[in-house]
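1. model this:
(one chain, ligands or ions: 2)
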Amino acid sequence: MTVREAADLLLKARKVVVFTGAGVSAESGIPTFRDALTGLWARFDAQALATPEAFAADPALVYGWYEWRRTIVGRARPNAGHTAIAKIEAAIPGTVVVTQNVDALHEQAGSVSPIHLHGSLYAPRCSSCAKPATPPEGPGDEPADGRRLTPPACEHCGAPVRPGVVWFGEALPVDALEAAVAAAADCDLLITVGTSGVVYPAAEIPQVAARFGAPVIQVNPMPTPLDDICTVNLRGPAAEVLPELVL
Ligand SMILES: CC(C)NC(=O)[C@H](Cc1c[nH]c2ccccc12)NC(=O)[C@H](CCCC/N=C(/NCCC(=O)O)S[C@H]1O[C@H](COP(=O)(O)OP(=O)(O)OC[C@H]2O[C@@H](n3cnc4c(N)ncnc43)[C@H](O)[C@@H]2O)[C@@H](O)[C@H]1O)NC(=O)OCc1ccccc1
Ligand SMILES: [Zn+2]
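-> Ligands and ions are numbered 1, 2, ... in the order given. Presented below is the predicted three-dimensional model:
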């Protein structure tokens with residue numbers, strides 16, 4: 001199946017889910033999850049760093065990693081992939097964007113209210129009383145290779161502030177997960193973009209859509225475990241392939 005056939009599927013669709021991962025932000029200069037390990041963190045495993053245990057053991061190491069990522073994300077701009085997704089949303093009112101990404105590039109590209117399954121870099125909260133913390137000023141000015149950074153203290157209880165992301169072993173926000181599953185079960189087309197499809201329960205979303213009979217289009221330069229449930233596998237970078245779908 002070609003881009004043309006995929007575009008025809010999109011033309012006919014009325015209730016679309018666009019499901020994204022780190023790959024959609026790669027062409028904006030944001031390293032994908034498994035590539036976000038350079039400098040101070042090069043010797044760590046992302047999955048090990050993104051855990052409550054790692055934060056408890058060494059809050060400055062983990063907080064530094066997120067401030068470094070927030071700096072990179074703060075300097076990034078949406079790419080043609082994010083823009084094409086916002087165009088789909090504008091053209092097909094029944095479109096729901098579901099992302100695993102903790103950046104805000106979908107919003108910056110014009111997407112109305114993407115569902116963030118794994119939280120955001122812009123919603124710090126207290127690691128104890130969970131009260132929202134004041135986000136640090138500006139995009140962050142962490143050095144290129146990053147550094148340890150003592151997290152600020154919560155204004156309410158003095159405990160360390162943590163990034164507002166979902167760590168491994170932590171539950172996803174119930175309302176976000178329920179809304180994503182409901183949209184996938186109800187959609188007449190799902191487009192999965194730039195995800196390796198290995199992190200659960202997020203990776204269930206494209207499978208729910210397929211199980212309820214919706215065609216699934218995958219945009220990814222590489223094969224993934226989702227290939228088999230996809231009606232169309234478009235092997236290419238998001239910022240090149242997605243604009244062709246919305247011509
Ligand atoms: C790794 C996996 C084996 N482990 C899990 O899934 C675990 C455990 C687990 C649960 N259920 C299971 C079932 C089976 C096996 C394991 C599990 N899941 C959890 O721990 C979840 C929480 C998981 C969420 C973790 N947080 C993230 N992110 C936020 C933080 C942060 O960002 O720091 S996950 C993080 O990694 C994932 C990375 O995946 P991708 O986005 O796909 O990125 P990746 O780098 O892997 O791949 C990039 C892809 O893009 C492609 N690409 C590259 N360039 C481009 C390009 N230019 N264009 C297009 N595509 C491109 C590449 O080819 C590639 O395919 C994303 O989800 C991202 O958000 N929580 C939980 O289960 O809690 C329980 C519970 C329940 C109730 C009560 C208490 C507890
Ligand atoms: Zn607190």
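2. who's in contact with Val232?
-> By CB atoms under 8 Å, 6 or more residues apart in numbering, the contact list for Val232 reads 1, 5-6, 9, 215-218. Backbone N, C-alpha and C define where each C-beta goes, glycine included.
3. so what's it bridging to?
-> With DSSP bridges applied, Val232 shows beta-bridge pairing to Ile217.
4. for the helix or strand of the chain with the lowest mean pLDDT, packing partners?
-> Least confident helix or strand of the chain, by mean pLDDT, DSSP states H and E, is helix 46-49 with a mean of 81. Applying 3 or more CB pairs under 8 Å, 6 or more residues apart in numbering; DSSP states H and E, we find helix 46-49 packed against helix 59-75.
5. so how far is the helix it packs on off the chain centroid?
-> Its chain's average C-alpha position is 16 Å from that of helix 59-75, according to CA atoms, centre = their mean, to the nearest Å.
6. likewise stretch 54-66?
-> 21 Å.
7. how about it, does it reach ligand 1?
-> No - Stretch 54-66 stays clear of ligand 1 (CB under 6 Å from any ligand atom), getting no nearer than 7.1 Å.
8. give the buried residues for that stretch.
-> 54-55, 59, 61-66 (16 or more other CB atoms under 10 Å).
9. would you mind writing the CA trace of that stretch as CSV?
-> Listed next in CSV are the C-alpha coordinates belonging to stretch 54-66 (Å, rounded to 0.1, in the frame of the first residue of the first chain):
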residue,chain,number,x,y,z
ALA,A,54,16.2,6.5,40.7
PHE,A,55,14.7,9.8,41.9
ALA,A,56,14.6,8.6,45.5
ALA,A,57,18.2,7.3,45.2
ASP,A,58,19.7,10.4,43.5
PRO,A,59,17.2,13.3,43.0
ALA,A,60,19.9,15.7,41.6
LEU,A,61,20.9,13.2,38.9
VAL,A,62,17.4,12.6,37.7
TYR,A,63,16.2,16.2,38.1
GLY,A,64,19.3,17.3,36.2
TRP,A,65,18.4,14.9,33.4
TYR,A,66,14.9,16.3,33.1
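10. that one - what's its average pLDDT?
-> Averaged across stretch 54-66, pLDDT comes to 94.
11. also stretch 15-32?
-> Rounded mean pLDDT across stretch 15-32 is 95.
12. quick revisit: pick out whichever of the buried residues of stretch 54-66 sits closest to Arg162.
-> Using CB to CB, Phe55 is the member of those that lies nearest Arg162, at 6.0 Å.
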